[in-house]
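1. Could you work out the structure for the sequence below:
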Amino acid sequence: SAPAFSNSRTASGVPTFPAITKVSETFAGKLKIYRLVIRDGENPCTVVWYNQSYLKSVFKLGHTYNFYGKVDIKLGRYEMKSPIFDESGVNKNTGKIIPIYPLTYGISQNTIRKIIENGVDEACGNLQETIPDYILKEYNLMGLNNAIRKIHFPENKNDLIAYFSAEYGLDETIPIYSGGLGILSGDHLKSASDLGIPLVGVGLLYKNGYFHQKIEGYGIQKSEYKNIELDNMPIHPVKDEEGEDLLIEVKFQKRTVYLKVWKINIGRICLFLLDSDIDKNSAEDRETTLKLYGGDQDMRIRQEIVLGIAGVRLLKKLGLNPTIYHMNEGHSAFLTLELIKNTIAEKEVTFEIARDIVSSKTVFTTHTPVPAGNDIFPTDLVERYFKEFWPKMSLEREDFLKLGMKPCDQLEPGFNMGILALKIAGKKNGVSKLHGEVSRELFGDVWPNIAANESPITYVTNGIHTCTWVPQNLKELYNKYLTSPTTPYW
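-> Residues are numbered from 1 along each chain as shown. The predicted model follows:
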């Protein structure tokens, strides 16, 4: 790394800033890149963003800007990914971090000007609440997210939502999704960024992504996997305090597996992805996070242990203490077990009390309208992976296994991840009014003492992230007719 440029100063000591000399648009495959070339003396600096078409209207030729950001030297040029900037002309608050995203999403120009003139701390309050200094330094967008939540959600300024999903549909160039569940997850993160909602995402990094469908001459489907080229993606490794790759540990039966942590910035939201494909793991364990929904049931339970249990440990390692844990479908339901275990150890309470505490801060969204859509693992498989876990929850084998079953006298042959989430989560919802009704009937046996149609499953109708799905020509039309100096956003 090297500085993009060195600020020079006039005789009066006022710093001067490089000028943008060119705005250009290029493509790397399907990945759209906007470059703004700025010049400091004789040294050009190319500032790179991915898939951010609105930048052309934000930056103007001939204007001066002050840039901050991690800079990499590639092919003899400086490249700064996810930069921070202000357009104040004179940097009155050296080191203050002003991100680009609020200039076009979710926060007013007046607020941005207030931050630029007075500094983030004065304008928005103290950012150093629960996040360690080294995390704020490396992930300054998390710090600014604290500031923005105080502006938009003053009553919830100390809250944080941890959003767990097995897939995220952010963009077709990052194939860690397969369908509607992932698209919803991606839209949730984008919308949370726009609205300034305090949220952090947790998922898995599938380096082979989801399969590409190929139909052969006789109509037979063939699945093809392609490696994600991480060097060409806005995905970055997370470092620990010593500057080494941050690793999270989890047990697969008696062996320890190490998960490398990666990060994607979605506006003001951070998405953390866990990756088992590192040299410290065996060849078998390295494949755990390689493919989305790939492999047999043994592979699937390992993926869901990583997502739920290692995901909770990751947030704890980062110094984050979520107010709410949101399970988007049952793949991450093992997080409830990790939270109960931690609560018992930290608060020295019984399983029943710990379960109630965890229930008060967990939400479960079910998507599938059919029983076959829920992961059900054989009880002997669950026992192999959790026989050293349930004693830490103060449970016997049978009581532990019944957590994933409807009320019964004898153990059933399968452990249902959807039922586990429904039993523990304090709030449960479907994804439309009709789906809520179907889900209450589908899972009515979980609450045998009440009528099925009174089961405690509500609904929230799914929405979309409008700017993702509105075509460019309509965006330009809306920008022209639906905005004004007092209402800059439609």
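2. Partner strands of the one helix or strand residue 364 maps to and their direction?
-> Secondary structure here is read from DSSP states H and E; on that basis residue 364 sits in strand 362-365. Sheet partners assigned to strand 362-365 using DSSP bridges are listed as strand 324-328 (parallel), strand 427-430 (parallel).
3. Go ahead and name everything in contact with the first one.
-> Same thing as strand 324-328. Residues from elsewhere that reach strand 324-328 (C-beta atoms under 8 Å, 6 or more residues apart in numbering): 159-166, 181, 184-185, 188, 312, 333, 335-336, 339, 361-365, 367, 421, 425. C-beta: built from backbone N, CA, C; applies to glycine.
4. Which SSE is immediately downstream of it?
-> Scanning the chain past strand 324-328 towards its C-terminal end, the next helix or strand to appear is helix 335-347 (assignment: DSSP H and E).
5. Quick one: mean pLDDT over that following helix.
-> Along helix 335-347, the predicted local confidence has a mean pLDDT of 97.
6. list the buried ones in that helix?
-> Judged by neighbour count using 16 or more other C-beta atoms under 10 Å, the buried positions of helix 335-347 are 335-344.
7. continuing past it, what's the next helix or strand?
-> helix 351-359.
8. If you count contacts, what does that following helix end up packed against?
-> Judged by 3 or more C-beta pairs under 8 Å, 6 or more residues apart in numbering; DSSP states H and E, the packing partners of helix 351-359 are helix 335-347, helix 417-424.
9. what comes up buried for it?
-> Residues of helix 351-359 classed as buried: 351, 354-355, 357-359 (neighbour count, 16+ other C-beta under 10 Å).
10. again with stretch 225-238
-> Residues 225, 228, 234-236, 238 are the ones in stretch 225-238 that count as buried (16+ other C-beta under 10 Å).
11. next one: stretch 376-383
-> Counting neighbours by 16+ other C-beta under 10 Å, one finds that the buried residues in stretch 376-383 are 376-377, 379, 381-382.
12. Filter these down to just the ones in helices.
-> Here DSSP state H is the test, and the buried residues of stretch 376-383 give 379, 381-382 as lying in helices.
13. distance of residue 215 from residue 222?
-> As for residue 215, its distance to residue 222 is 7 Å (criterion: C-beta to C-beta, to the nearest Å).
14. what sits against residue 185?
-> Shown here is residue 185, whose contacts under the criterion C-beta under 8 Å, 6+ apart are 163, 165, 167-169, 177, 201, 203, 328.
15. As a markdown table, the strands paired with strand 362-365 with mean neighbour count, distance to residue 408 and mean pLDDT would be great.
-> Formatted as a markdown table, the strands paired with strand 362-365 follow (neighbours: other C-beta atoms under 10 Å; distance: least, C-beta to C-beta, whole Å; pLDDT from 0 to 100):
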| stretch | mean neighbour count | distance to residue 408 | mean pLDDT |
| --- | --- | --- | --- |
| strand 324-328 | 24 | 23 | 97 |
| strand 427-430 | 22 | 20 | 95 |
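16. Quick one: closest of these to residue 468.
-> Shortest distance between residue 468 and the strands paired with strand 362-365, using C-beta to C-beta, is found for strand 324-328: 17.4 Å.
17. and the angle for the closest one with helix 335-347?
-> Computed by axes from the mean of the first three to the mean of the last three C-alpha atoms, to 10 degrees, the angle separating strand 324-328 from helix 335-347 equals 160 degrees.
18. re the thing from before, quick one: mean pLDDT over the strand holding residue 364.
-> Averaged over strand 362-365, pLDDT sits at 97.
19. how near is residue 449 to residue 416?
-> In this structure, residue 449 and residue 416 are separated by 19 Å, where distance is defined by C-beta to C-beta.
20. more neighbours, the two?
-> Per other C-beta atoms under 10 Å, whichever of residue 449 and residue 416 has more neighbours is residue 416, with 23 against 5.
21. Looks like the more buried one contacts residue 405 (just checking).
-> Yes: shown here, residue 416 and residue 405 form a contact pair, counting by C-beta atoms under 8 Å, at 6.5 Å.
22. Please list all residues in contact with residue 246.
-> The contact partners of residue 246, taken as C-beta under 8 Å, 6+ apart, are 237-240, 260-261, 317.
23. what's the following helix or strand after the helix or strand containing residue 304?
-> Applying DSSP H and E as the criterion places residue 304 in helix 297-305. Counting by DSSP H and E, the next helix or strand C-terminal to helix 297-305 is helix 311-317.
24. got the contact list for that next one?
-> When contacts are taken as C-beta under 8 Å, 6+ apart, the neighbours of helix 311-317 outside the stretch itself are 162, 164, 200, 202, 246, 248-250, 259, 261, 272, 274, 321-322, 325, 332, 335, 338-339, 342.
25. what about the strands in the stretch 151-300 of the chain?
-> Defined through DSSP state E, counting those that start in this stretch, the strands belonging to the stretch 151-300 of the chain, from first to last, are 161-164, 199-204, 212-215, 221-224, 236-237, 247-252, 255-266, 269-275.
26. what would those look like in CSV with mean pLDDT?
-> As requested, those are arranged in CSV below (pLDDT from 0 to 100):
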stretch, mean pLDDT
strand 161-164, 97
strand 199-204, 96
strand 212-215, 84
strand 221-224, 84
strand 236-237, 89
strand 247-252, 96
strand 255-266, 94
strand 269-275, 94
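27. what's the closest of those to residue 298?
-> Here strand 247-252 is closest among these (C-beta to C-beta), at 9.6 Å.
28. got any ranges where this structure has weak pLDDT?
-> Where the chain drops to pLDDT under 70, the residues are 1-157, 371-372, 485-490.
29. Count the residues that sit near residue 349.
-> Residue crowding around residue 349 was assessed by other C-beta under 10 Å; the count is 16.
30. Quick check, it in contact with residue 343.
-> Yes: Residue 349 lies in contact with residue 343 (C-beta under 8 Å); the separation is 6.7 Å.
31. what sits in contact with each of the two?
-> Here residue 349 and residue 343 share the contacting residues residue 357, scored by C-beta under 8 Å, 6+ apart.
32. Looks like residue 437 contacts residue 453 (just checking).
-> Yes: at 7.3 Å, residue 437 counts as touching residue 453 under the criterion of C-beta under 8 Å.
33. Those two: which has the busier surroundings?
-> Counting neighbours by other C-beta under 10 Å for residue 437 and for residue 453 shows that residue 437 has the greater number, 16 against 9.
34. Now name the helix or strand holding that one.
-> Remark: residue 437 resides in helix 433-442, with elements defined by DSSP H and E.
35. hey, C-alpha coordinates of that helix in PDB?
-> Taking C-alpha atoms only, helix 433-442 is exported to PDB below (Å, rounded to 0.1, in the frame of the first residue of the first chain):
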ATOM      1  CA  LYS A 433     -50.200 -12.900   4.200                       C
ATOM      2  CA  LEU A 434     -51.100 -16.100   2.400                       C
ATOM      3  CA  HIS A 435     -47.800 -17.700   3.300                       C
ATOM      4  CA  GLY A 436     -48.300 -16.800   6.900                       C
ATOM      5  CA  GLU A 437     -51.600 -18.700   6.900                       C
ATOM      6  CA  VAL A 438     -50.000 -21.700   5.100                       C
ATOM      7  CA  SER A 439     -47.100 -21.700   7.600                       C
ATOM      8  CA  ARG A 440     -49.400 -21.700  10.600                       C
ATOM      9  CA  GLU A 441     -51.100 -24.800   9.200                       C
ATOM     10  CA  LEU A 442     -47.800 -26.400   8.100                       C
END
